[in-house]
Each structure stands twice: as C-alpha cells, then as structure tokens.
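> sequence plus predicted model, see below.
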Amino acid sequence: MRTDDLVKPVNGLSLTLGDSMTSSEIIALFATLISIFAFAITFLSYRRERSKSNQDLIFQEKIAAYKKLSFHANVLFESFFDLVEDLQDHDGTKKEWTKHLIKECGSYDDMVTKFQEVIFESIPILPEKVYRELIEFGLESRHFITSAFNGNSALTINAHDKLEKSLRNIIKLIRKDLNVDKVNINLKNRLR
C-alpha cells in the first residue's frame, strides 16, 4: 500500500509528501486544536462543578436532618431522665404510679412518634447504619416507656442507660458520616 492511497485529496486538492502547510493553515490547525482542548476542559469543569454542587446540596440536607434528629433524640433522652427521677421520688403505691404515668404517657409517646416521623422524613439521605441506629433508638424509647409502667426503678434506670449508649452511638455515627473532625480541622486551617 502506498502513502498516496492513505491520503485522499479533499475538494480536488492533491497532496504529496513534499507539500508543506502555509502559515495560515498552521494557525487554523493550531486554533482548532486549542478550541477542542478548551471545550474539553470546559466540559470536564462543568461536570466536576455539577457533581460538587450536588454533593454540597446533599451535605447541607444531611446537616439539617441530623440537627433535627439529634435535637429530638436528646429531648427524648432528657425527658426520660425526668421520668426516672419521678419514679425514684415516688412514694406511693404501684397503682398510684401507674395512674400518674398514664397521664404523662401520652406526651412521651407523642415525642417518640415525632422522632420517628423525623427519621422517616430523612430516610433518603441517611446512611443505612445511621438509619438503623435511629430506628433502634425509637424502639428502645418505646421500651423505656413500657419499663416505666413496671414501677421498678432499677429496670427503668437500666433501660435509660441503654438509651444513653444508643444516643452516644447515634452521635458518633452522625459525626463520622459528616466527617466533622476533618471539616473542623480544615475550617481552622482556612481561618488562620
């Protein structure tokens, strides 16, 4: 096969091995290559920025969801501590305790329900580990209310301690998911 067979003439122009390009052709070729290169960089930058923008949006949504979830979990935990204190301070009979708790139970149950609603609102952006731990905390909260009906302060304190461990684990998972420690270090370095 000859080189003439590989290079076909365009619009009646014949090319031979000895032909050279004029300066205007070289400039046109160079301009075309620069244009292609600029387009490629622009396209890749656009894709990267769009991806980064989506990541930033999801991160902001996670922060908002985690703030709500941790607020509700902490309110539950603290209100249950008040219930433990009420149980320890109660001097009446088990029947009187049950009567007192029935009055209070509705508000505690409503708080657990509200907490679970916030979990379900946030499902699309929660990692599975965090989601499962939050659901477990909700179930343990319901168990805590049930244990309080028993009137046994040791059982109720044990259930509250279990809630505390679960709450600490939730906070640990949230901080890990948001990479809080690294973000804080980067922020500190940027502010210097």
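Everything's here; your move. It should be emphasised that the depicted structure is a prediction, and the values quoted were computed from it without experimental measurement. Residues are numbered from 1 along each chain as shown.

> spatially nearest residue to the residue nearest the centre of the chain (excluding sequence neighbours)?
Geometric centre of the chain, nearest residue: K62, 3.9 Å, by CA atoms, centre = their mean. Spatial nearest neighbour of K62, excluding adjacent residues (CB to CB, 6 or more residues apart in numbering): I125 at 5.3 Å. Backbone N, C-alpha and C define where each C-beta goes, glycine included.

> if we can go back for a sec, list the residues that contact the residue nearest to the centre of the chain.
Residues in contact with K62, defined by CB atoms under 8 Å, 6 or more residues apart in numbering, are 125-126, 177-178.

> with respect to I102, which of those residues is nearest?
The nearest member of the contacts of K62 to I102, counting by CB to CB, is L126 at 34.0 Å.

> neighbours of the closest one, just the number please.
Per other CB atoms under 10 Å, the neighbour tally for L126 reads 21.

> filter the contacts of K62 down to the buried ones, PyMOL style.
Here is the PyMOL command that selects the buried residues among the contacts of K62 (16 or more other CB atoms under 10 Å):
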select buried, resi 125+126+177
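
> picking that back up, I figured the residue nearest to K62 hits I58, correct?
Yes. Taking contacts as CB atoms under 8 Å, I125 lies within contact range of I58: 6.1 Å.
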